[in-house]
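[1] coords below, sequence missing:
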């Protein structure tokens, strides 16, 4: 039986990353409260370490969303667009986390498709400002459907980003074609009611007790789902060179609210939020080490 890197090992690594980037933590890493709120103990699950990284991303999505909420939306209407995308990523990633925690891996993989398309849109909005107007105009089911067919169906945005990448306009984690190919191939196995999709869910059912259980414990198969969720969530925050948002947001750290959930010594509101966003790729670089160790454990 292979020994997996522990949940505590992941939290210790996460703490070091925060400290190296200048954040000042108390005893617990910020993602601890996600574990407490969801109430599903995954600390002894095979890939519990990955849940710790997902929990940290959930917290960071909430924290960085406030930057877009604090802008003057009349002057910078795109701020609300990015806030809405933040909440969509936040809710979808949380759904994946909850479903995996209850052993509902196939259902969680369906959510990966939404997570992937939302992340793609975010990246395109950063480099293609013309699309923002069309997105904002999606106020009816008809216009939303038209937008999807114009920009997302048949991999249109994926091909657009690939072309920009080839032309040297930017680089980003979404350019890892082997990872994207693996993602799409395995998602297709559960996206439709095919025989192989039934087989995937039947394997999960065998791990439970058919006489008493409706849900079961986290599955080893969630390694794919959790690792790809981390990979996708990193996409909007790993563009280089990083286009500035320049939203003129009002600093909430210097107001009566004193909003400062993860303390950092910088006095600049812009820099503080930039530091928060930089935590996404920093955590991803660390989780790669966990992926590699898990792969070794599976092959031994």
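    Sure, I can see it. Please read all numbers here as calculations on a predicted model, not as lab measurements.
[2] all contacts plus neighbour counts: C-alpha atoms, from now on.
    Will do.
[3] Can you classify the residue positioned nearest the centre of the chain by secondary structure?
    The residue lying closest to the centre of the chain (CA atoms, centre = their mean) is residue 233, at 2.5 Å. At residue 233 the chain is in helix, as set by DSSP: H, G, I helix; E, B strand; the rest coil.
[4] so residue 293 is in which element?
    In the assignment (DSSP states H and E), residue 293 maps to helix 269-299.
[5] on that earlier part again, mind listing what the closest residue to the residue nearest to the centre of the chain other than its chain neighbours touches?
    Setting aside the residues directly before and after it, residue 233 is nearest to residue 119 in space (CA to CA, 6 or more residues apart in numbering), at 6.7 Å. Residues in contact with residue 119 (CA atoms under 8 Å, 6 or more residues apart in numbering) are 89, 232-233, 235-236.
[6] Out of those, which two are the most distant from each other?
    The largest separation in the contacts of residue 119, counting by CA to CA, is between 89 and 235 at 11.2 Å.
[7] Comparing these two, which residue is more hemmed in?
    Set residue 89 next to residue 235 and count neighbours by other CA atoms under 10 Å: residue 89 wins out with 25 against 20.
[8] The nearest residue to that one once chain neighbours are set aside - how many residues pack around it?
    In this structure, residue 89 finds its nearest non-sequential neighbour in residue 115, 6.2 Å apart by CA to CA, 6+ apart. Per other CA under 10 Å, the neighbour tally for residue 115 reads 22.
[9] Could you pull up the contacting residues of residue 115?
    89, 92-93, 229, 232-233 are the contacts of residue 115 under CA under 8 Å, 6+ apart.
[10] TSV for those, including pLDDT and distance to residue 163?
    Listed next are the contacts of residue 115 as TSV, based on pLDDT from 0 to 100; distance: CA to CA, whole Å:
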residue	pLDDT	distance to residue 163
89	97	25
92	97	28
93	98	28
229	97	24
232	95	19
233	97	21
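[11] In three-state terms, label residue 71 for me.
    Residue 71 is classified as coil under three-state DSSP.
[12] list the contacts for it?
    By CA under 8 Å, 6+ apart, the contact set of residue 71 is 79, 247-250.
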